[in-house]
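A.B. asks: sequence first, predicted coordinates after that:
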Amino acid sequence: MKYQTWYLDDAMISAAVPTGMAIVDMMTNTDEGCCKITLTPELAQFFLINQAPNRVFNKEYARLYGVDVSLGNWGLTGEALIFDQGLFNSRKIKQLLNGQTRAGAVISSGKSIETYIVWGIDREQQVKMDGGRKRNFGIQLGMLGYSNASVLASTTNALCVLDKLKTDWLETNQPQRISMRWEYWEDHKDEIMASTWATHHGRGKLHPRIACVAAILFSRRNEAACHEFFDKFQSGANLAKQDPILQLREYLVLKKYGQTIKRSGSEQLYACIIAWNDFRLNTSRRLTSVLGKALTYKKLPSIEFSSEYEQPESTELMDILDGAN
């Protein structure tokens, strides 16, 4: 396996780490070790300049992590920056194997953090780093003892995107600040946990997270009407042929070649909002036609209201949100 060889002169080293020479010297003069350090922006810059070949550096993730550093939301978790044995550069300086995004976050924020470093690791081990299962938000909630943790987590993620990031549902895979989901969860956990009743009403037709998101959005406007909507959706009894709730049920269970058509989360949420609008306005439109336009233009439908209910300050719960698939 071939590696790039780095040639760093004294001027480059002293310019990059005016406050970290002792750390660099300690790593250079010992074969292996570990310790806790203050990672300054200058030292982080040096580590990035001197890192081993790695995956493409993601500036956006570094910037978003840097926001957390700036806000003081970065803790000493015990996860270390990992360095090699210093065999592939002329100065025998240990090169960074793992931790480039964290180093980039420190540079982006302009603030120092406390972290651990480990050096003397065989570079052949780099390909095995970050290969385990991540403790995603759902796993973290489960570790705290919450039941239905995966549903609570996916509902939180979706609402966080819709409410806080002001971006379309279709963009939920975009990078988010690490702490944003926790901040949203802490602010809305009672509302989110209370919404899980909707998963029973939508069973077999709606993805649990979509049922919860829809229940929360609708309950924010009229809780009684929301329960009425989901009760009718669950039973399907005594609904007229053009009833928007019946159209929603039929859309979600429509079959093709004997197999139920799998609807995406976006399609389900858009269809729920359109059916809710017509239910509230006591109108009947062809759901698939309205839905097709919404999906074509990739616009989340606004939520409208009937004059017989309370009048909000605006006829929209949220702005029409732009997005791309």
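C.D. replies: Yep, it's here.
A.B. asks: how far out from the middle of the chain is the one helix or strand Ser266 maps to?
C.D. replies: Using DSSP states H and E, Ser266 falls within helix 265-281. Per C-alpha atoms, centre = their mean, to the nearest Å, the displacement of helix 265-281 from the mean C-alpha position of its chain is 24 Å.
A.B. asks: which secondary structure elements does that helix contact?
C.D. replies: Applying 3 or more C-beta pairs under 8 Å, 6 or more residues apart in numbering; DSSP states H and E, we find helix 265-281 packed against helix 208-219, helix 223-235, helix 244-253, helix 287-297. Bear in mind the C-beta positions are built from the backbone N, C-alpha and C, glycine included.
A.B. asks: run through who's touching the first one.
C.D. replies: By C-beta atoms under 8 Å, 6 or more residues apart in numbering, the list of residues contacting helix 208-219 from outside reads 148, 151, 154-155, 158-159, 162, 191-192, 195-199, 201-202, 206, 225-226, 229-230, 265, 268-269, 272-273, 276, 303, 317.
A.B. asks: re the thing from before, so which of the helices and strands packed on helix 265-281 is the most packed in?
C.D. replies: Highest mean neighbour count among these (mean count of other C-beta atoms under 10 Å): helix 208-219, with a mean of 24.
A.B. asks: can I get the CA coordinates of it in CSV?
C.D. replies: Extracted in CSV, the C-alpha atoms of helix 208-219 (Å, rounded to 0.1, in the frame of the first residue of the first chain):
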residue,chain,number,x,y,z
PRO,A,208,-45.5,5.8,11.9
ARG,A,209,-43.4,9.0,11.6
ILE,A,210,-45.8,10.4,9.0
ALA,A,211,-48.8,9.7,11.2
CYS,A,212,-47.1,11.5,14.2
VAL,A,213,-46.0,14.5,12.1
ALA,A,214,-49.5,14.9,10.6
ALA,A,215,-51.1,14.6,14.0
ILE,A,216,-48.9,17.2,15.5
LEU,A,217,-49.3,19.7,12.6
PHE,A,218,-53.1,19.2,12.6
SER,A,219,-53.5,19.3,16.4
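A.B. asks: how far does that helix sit from the chain's center?
C.D. replies: With C-alpha atoms, centre = their mean, you get 18 Å for helix 208-219.
A.B. asks: ok, stretch 89-99 next?
C.D. replies: Centroid separation for stretch 89-99 versus its chain: 32 Å, with C-alpha atoms, centre = their mean.
A.B. asks: same question for stretch 194-204.
C.D. replies: Offset of stretch 194-204 from its chain centre (C-alpha atoms, centre = their mean): 23 Å.
A.B. asks: what residues sit buried inside stretch 144-163?
C.D. replies: Residues of stretch 144-163 classed as buried: 146, 148-162 (neighbour count, 16 or more other C-beta atoms under 10 Å).
A.B. asks: let me fix that: stretch 190-205
C.D. replies: So, applying 16+ other C-beta under 10 Å, buried residues of stretch 190-205: 192-193, 195-196, 198-199, 201-202, 205.
A.B. asks: kindly report the same for stretch 279-288.
C.D. replies: Under 16+ other C-beta under 10 Å, the buried positions of stretch 279-288 are 279-281, 285, 287.
A.B. asks: what about that stretch, distance to the chain center?
C.D. replies: For stretch 279-288, the gap between its own C-alpha mean and the chain's C-alpha mean amounts to 33 Å (C-alpha atoms, centre = their mean).
A.B. asks: over to stretch 243-252?
C.D. replies: Distance, centroid of stretch 243-252 to centroid of chain: 31 Å (C-alpha atoms, centre = their mean).
A.B. asks: using PDB, write out the CA atom coordinates for that stretch.
C.D. replies: The C-alpha trace of stretch 243-252 is given here as PDB (Å, rounded to 0.1, in the frame of the first residue of the first chain):
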ATOM      1  CA  ASP A 243     -64.800  12.200   0.700                       C
ATOM      2  CA  PRO A 244     -61.200  13.400   1.000                       C
ATOM      3  CA  ILE A 245     -60.500  11.000   3.800                       C
ATOM      4  CA  LEU A 246     -61.700   8.000   1.800                       C
ATOM      5  CA  GLN A 247     -59.700   9.200  -1.200                       C
ATOM      6  CA  LEU A 248     -56.600   9.300   1.100                       C
ATOM      7  CA  ARG A 249     -57.300   5.700   2.300                       C
ATOM      8  CA  GLU A 250     -57.600   4.500  -1.200                       C
ATOM      9  CA  TYR A 251     -54.500   6.300  -2.400                       C
ATOM     10  CA  LEU A 252     -52.400   4.700   0.400                       C
END
